[in-house]
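1. just the structure for this:
(chains A, B, C and D)
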2 protein chains.
Amino acid sequence: MKRNSRLSLALHALGHMAYDAEHAQTSTEIAAHAGTNPVVVRRVLGKLRKAGLLTSERGHFGGWRLARAPQNITLADVYLALEERLISTSVDINPHQCSIEHALHDRVSEIMQDVETSLLERLANTTIEDVRQAAE
Amino acid sequence: MKRNSRLSLALHALGHMAYDAEHAQTSTEIAAHAGTNPVVVRRVLGKLRKAGLLTSERGHFGGWRLARAPQNITLADVYLALEERLISTSVDINPHQCSIEHALHDRVSEIMQDVETSLLERLANTTIEDVRQAAE
DNA sequence: GATTCTCGCAACACAAGTTGTTACGATGTT
DNA sequence: AACATCGTAACAACTTGTGTTGCGAGAATC
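-> I've put the predicted structure just below:
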């Protein structure tokens, strides 16, 4: 697997949880469905919980539940919860800072920022519920 | 250094070469300016040569030159020459292919494709010459 | 022709990030 | 008490990006 597999895993899990929001799903169940490991699932879903998209409960009949209705969770929410960014803003500014480098950084950063914003707008237009319905 | 450092390096080198297109620049010079290694420079610029943006000459007074006027090289040309993509299309399709996974893949791919296209359009609107002038 | 300069390329080392796995403690249910 | 489940740390394996060394090929100069 490669980059973006975390986003795929998160969305996949949410999609399934949208089917019956009452029943809590265990990380073992989710992992089996996604072809990965329960610990990996907890790592990823832990970020979604931190962002308020999910709740988790320990103990018997514990597991993961949506914290909101699937109509109220957009792909953008999930993307932001993972705290990854397509654009790499971390362009090390060299100390000598030649003017070409500076002009390039400004121009490329501006474009990347616009693209990132555009991406978020598009992701915000699709909810987990939309995806669930599209899958039927 | 992180991702995108190849694009930065490539653009940086092109920006400097745009100043005097006559004089060939050696990978050692470029590397010193960019704070990296000549072999790294050759690796990156080799892709630009393959794409027809640069030429290289061996031997005494050899080095790198622009293959076209800097007005005719856009940031999109460079981005494409590096053969990297922001979007990771390589989402391993699992054999069992659950319908949620399929719907998600379709939806996210569509969005990513649009964003990639939008990025290319924006990059195509700036030339190396534009950047050089902005640096003055 | 010998020397020097330069690119081309392969090979390797190192660091960082991603994923999978094991282990164990904490918490909740039966 | 026994069991199920999450939370988290630790580690291994793999991939990727970058830096480095070494050496051969081609081209200019002496």
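2. going by residue numbers, what spans are strands in chain A?
-> A:54-57, A:63-66 (DSSP state E).
3. quick one, which of those strands is nearest to residue B:46?
-> Residue B:46 sits nearest to strand A:54-57 of all the strands of chain A, at 46.6 Å, using Cβ to Cβ. In this view, the C-beta of every residue, glycine as well, is placed from N, C-alpha and C.
4. is DNA strand D contacted by that closest one?
-> Yes. Under the criterion of Cβ under 7 Å from any atom of the strand, DNA strand D is reached by strand A:54-57 at A:56-57.
5. tell me the buried residues in the worst-scoring helix or strand of chain A on mean pLDDT?
-> When each helix and strand of chain A is scored by mean pLDDT, DSSP states H and E, helix A:99-124 comes last, with a mean of 93. Neighbour-count burial for helix A:99-124 flags A:100-101, A:103-105, A:107-108, A:111-112, A:115-116, A:118-120, A:122-123 (criterion: 16 or more other Cβ atoms under 10 Å in any protein chain shown).
6. what is the nearest of those to residue A:76?
-> The nearest member of those to residue A:76, counting by Cβ to Cβ, is residue A:123 at 3.8 Å.
7. chain center to the least confident helix or strand of chain A, what's the gap?
-> Centre-to-centre, helix A:99-124 and its host chain are 20 Å apart (Cα atoms, centre = their mean, to the nearest Å).
8. which other helices and strands contact it?
-> Here helix A:99-124 touches helix A:75-81, helix B:5-17, helix B:75-81, helix B:99-124, helix B:128-134, going by 3 or more Cβ pairs under 8 Å, 6 or more residues apart in numbering or on different chains; DSSP states H and E.
9. so which of the ones you listed gets nearest DNA strand D?
-> helix B:5-17 (2.9 Å; Cβ to the nearest atom of the strand).
10. say whether chain A is contacted by the closest one.
-> Yes. Residues of helix B:5-17 contacting chain A under Cβ under 8 Å from any Cβ of the partner chain: B:5, B:7-8, B:11-12, B:15-16.
11. now the residues you listed in a markdown table, with neighbour count?
-> Formatted as a markdown table, these follow (neighbours: other Cβ atoms under 10 Å in any protein chain shown):
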| residue | neighbour count |
| --- | --- |
| B:5 | 18 |
| B:7 | 21 |
| B:8 | 20 |
| B:11 | 24 |
| B:12 | 25 |
| B:15 | 22 |
| B:16 | 20 |
